[in-house]
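Colleague: Here is a sequence together with a model predicted from it:
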Amino acid sequence: MGLADYFALDEHDTDVRTEVVAGITTFLTMSYIVVVNPSVMTQITRNGEVVKPGISLANYSHDQTVQMLAVVTLLASAVAMLVMAFYANRPFGLAPGLGLNAFFAFTVVGALGIPWQTALAAVVTEGVLFILLTAVGAREYVIQLFPEPVKFSVGTGIGLFLAIIGLQAMGVVVDDPATLLALGNLAQSPVAVLSILGLLFTFALHARGVTGSIILGILGTAAAGAVLTLAGVVEPGVLAGNFVRNGGFAPSRLPQAQYDITPLVGAFVQGFQNAEAFSFALVVFTFFFVDFFDTAGTLVGVGHAGGFLDEDGDLPDADEPLMADAVGTLVGGMLGTSTVTTYIESAAGVEEGGRTGMVALVVALLFIASLALVPLAAAIPQYASHIALVVVAILMLSNVTAIDWDDLTHAIPAGLTILVMPFTYSIAYGIAAGIVSYPVVKAATGEYDDVSAGQWLLAGAFVVYFYVRTSGVLQSAVA
């Protein structure tokens, strides 16, 4: 049986070339995680003081730890995507989640003072729970409890979330102490200027219906940055890494890869020995909630963009892609990284026409191949790869047309879902806002029969979650 038959490409109205192009597109939009995840997860010290919490390995330098985590990131992601490809047959990419790795390093290890080994033990516990719940269909059931307006608004909320991530990486949107967000100094920023030109180039290709337009836009922008660096127009490290220097390519500037990951593998076992029951349970609870609904939101949002949802707005056989996420989380925790989740960047590959697990297989193989080029993980600058996020964000805004805006019991939960996601920088928080508000507005209008007992319980669970997350209970538990 060939790949076309195994993945049922004809049945999904696609072909090998389209699936490969979609896989490469998803890979390029996700590739930044190989650099970002290690940088978030690794502890940084200056003059003997910790300036950023995270994983620190005795007898290993910061650079060596970063390289180990890059290898672990690639391995955990590849395992999860192979499950997604051959078990779920869905075009979704998976990798350690950005919000989840930040919670791991800054909150659990930093603010709570929990050893990183214990934090990994919490990730492994979460993975085991996810596998068990997925096996009995409980996770799919909970996703089906999502109110209809929340399901149909998730895609647009994710689109806005993608837009902020992309525009920030491009230097178009910047932090501002007065307004939180502001327009960057575009004319003074080579990154912003090149990113905008690359974005317009990508839009032009896409508008003309050029296959692989997002890939061409990313590669074209990255190539332009390297050329400008080699020509001496900008300093090395601005538009390209320090391995591109005036006059040519300088491979000696690349860091040496550290492939021995034994200091990280199995570290979670020691973490169980140091765990304090109550605080450990609260950390697992938080990991569980954030990952559960980040993944659920991504599956529904990207599924909507790809036309995978049924007439009720549900993703058929959702337990299968959820199992890939669960296995990835378990393997990731055992290897030494934070929770693996389904990536919203998968929408880039779906937009290129990807419809089957062959997309996930291509992404997995590219992640595995990247093991040979760990020092080159930053070859595609973040500002170039994130152009895809802005393109996809605009395309995903069309999902709002499925929402019944004339019905306030739909408009309010949908609007909150869409607004809260980008403004709290969290897919899970946006979904929570919609789920909590839905039964409230339904009850206020006397439409009690439209709300199931499960939806009330789900809303109540989110209220408890927000209390635990924002009341300081976690900090008090480990004080």
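Modeller: On my side now, so go ahead.

Colleague: what's the span of stretch 393-406, first residue to last?
Modeller: Length of stretch 393-406, first residue to last, CA to CA, to the nearest Å: 24 Å.

Colleague: Also stretch 300-310?
Modeller: 11 Å.

Colleague: Could I get the full set of strands for the stretch 51-200 of the chain?
Modeller: 94-96, 173-176, 180-183 (DSSP state E, counting those that start in this stretch).

Colleague: Any idea which of those gets closest to L264?
Modeller: L264 lies closest, by CB to CB, to one member of those: strand 94-96, at 12.8 Å. Placement of C-beta: from N, CA and C, glycine included.

Colleague: packing partners for that closest one?
Modeller: Using 3 or more CB pairs under 8 Å, 6 or more residues apart in numbering; DSSP states H and E as the contact criterion, the elements in contact with strand 94-96 are helix 33-41, helix 62-83, helix 319-335, strand 340-342.

Colleague: To Q270, which of these lies closest?
Modeller: Short answer: helix 319-335, nearest of these by CB to CB, at 12.6 Å.

Colleague: Let me know the angle separating the closest one from helix 33-41.
Modeller: Using axes from the mean of the first three to the mean of the last three CA atoms, to 10 degrees, the direction of helix 319-335 lies 50 degrees away from that of helix 33-41.

Colleague: and helix 319-335, how far out from the chain's middle?
Modeller: Chain-centre distance of helix 319-335: 14 Å, with CA atoms, centre = their mean, to the nearest Å.

Colleague: helices or strands next to it in the packing?
Modeller: Checking 3+ CB pairs under 8 Å, 6+ apart, helix 319-335 ends up next to helix 62-83, strand 94-96, helix 116-135, helix 138-144, helix 277-305, strand 340-342.

Colleague: now for those, which one comes closest to Q258?
Modeller: Of all those, the one in closest proximity to Q258, counting by CB to CB, is helix 62-83 (3.7 Å).

Colleague: Return the set of buried residues in that closest one.
Modeller: Neighbour-count burial for helix 62-83 flags 62, 64-83 (criterion: 16 or more other CB atoms under 10 Å).

Colleague: any idea how far G23 is from the closest residue to A4 other than its chain neighbours?
Modeller: Counting by CB to CB, 6 or more residues apart in numbering, A4 lies nearest to V16, which is 6.1 Å off, once chain neighbours are set aside. Counting by CB to CB, to the nearest Å, the separation of V16 from G23 is 10 Å.

Colleague: Kindly report the same for T125.
Modeller: Distance from T125 to G23, by CB to CB: 32 Å.

Colleague: between the two, who's got more neighbours?
Modeller: Taking neighbours as other CB atoms under 10 Å, T125 and G23 compare with G23 leading, 26 against 23.

Colleague: any idea which element the more buried one lies in?
Modeller: Taking DSSP states H and E as the definition, G23 sits inside helix 16-30.

Colleague: circling back to that earlier point, reformat the helices and strands packed on strand 94-96 as CSV; add mean pLDDT and distance to A182.
Modeller: Shown next, in CSV, are those (pLDDT from 0 to 100; distance: least, CB to CB, whole Å):
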stretch, mean pLDDT, distance to A182
helix 33-41, 83, 23
helix 62-83, 92, 31
helix 319-335, 95, 36
strand 340-342, 92, 30
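
Colleague: what's the burial count for A4?
Modeller: So A4, with other CB under 10 Å, has 15 neighbours.

Colleague: go on, E235?
Modeller: 13.

Colleague: Which of the three states applies to it?
Modeller: Following DSSP: H, G, I helix; E, B strand; the rest coil, the label given to E235 is coil.

Colleague: roughly how far apart are the residue nearest to it when sequence neighbours are not counted and W116?
Modeller: Nearest residue to E235, sequence neighbours excluded (CB to CB, 6+ apart): T229, at 7.8 Å. In this view, T229 and W116 are 36 Å apart by CB to CB.

Colleague: Repeat that for L9.
Modeller: Distance from L9 to W116, by CB to CB: 43 Å.

Colleague: Out of the two, name the residue with the larger neighbour count.
Modeller: W116 (25 against 19).

Colleague: Could you pull up the residues touching the more buried one?
Modeller: W116 is in contact with 54-56, 104, 109, 267, 271, counting by CB atoms under 8 Å, 6 or more residues apart in numbering.

Colleague: quick one: least confident helix or strand in this structure?
Modeller: strand 248-249 (a mean of 56; mean pLDDT, DSSP states H and E).

Colleague: Give me the three-state assignment for the residue with the largest distance to the centre of the chain.
Modeller: Distance from the C-alpha centroid of the chain, by CA atoms, centre = their mean, peaks at G446 (38.4 Å). Of the three states, G446 takes coil under three-state DSSP.

Colleague: Pop out the phi and psi values for it.
Modeller: Phi and psi for G446, reported as degrees, to the nearest 10, are phi 80, psi 10.

Colleague: Quick one, grab the pLDDT at it.
Modeller: We have a pLDDT of 92 for G446.

Colleague: got the contact list for the helix or strand where A348 lies?
Modeller: Assigned by DSSP H and E, A348 belongs to helix 346-351. By CB under 8 Å, 6+ apart, the residues outside helix 346-351 that reach it are 22-23, 25-26, 28-29, 91-93, 158, 162, 214, 298, 301-302, 305-306, 359, 363, 388-389, 391-392, 395-396.

Colleague: Repeat that for stretch 103-110.
Modeller: 40-41, 43, 52-55, 114-116, 119, 122-123, 283, 286-287, 290, 338-339, 474.

Colleague: Tell me where the model's unsure across the chain.
Modeller: Within the chain, the segments meeting pLDDT under 70 span 1, 99, 211, 237, 241-257, 375-379, 474-479.

Colleague: Quickly note the distance from T42 to F268.
Modeller: Taken as CB to CB, the span from T42 to F268 is 17 Å.

Colleague: Any idea how many residues pack against A187?
Modeller: Neighbours of A187 (other CB under 10 Å): 7.
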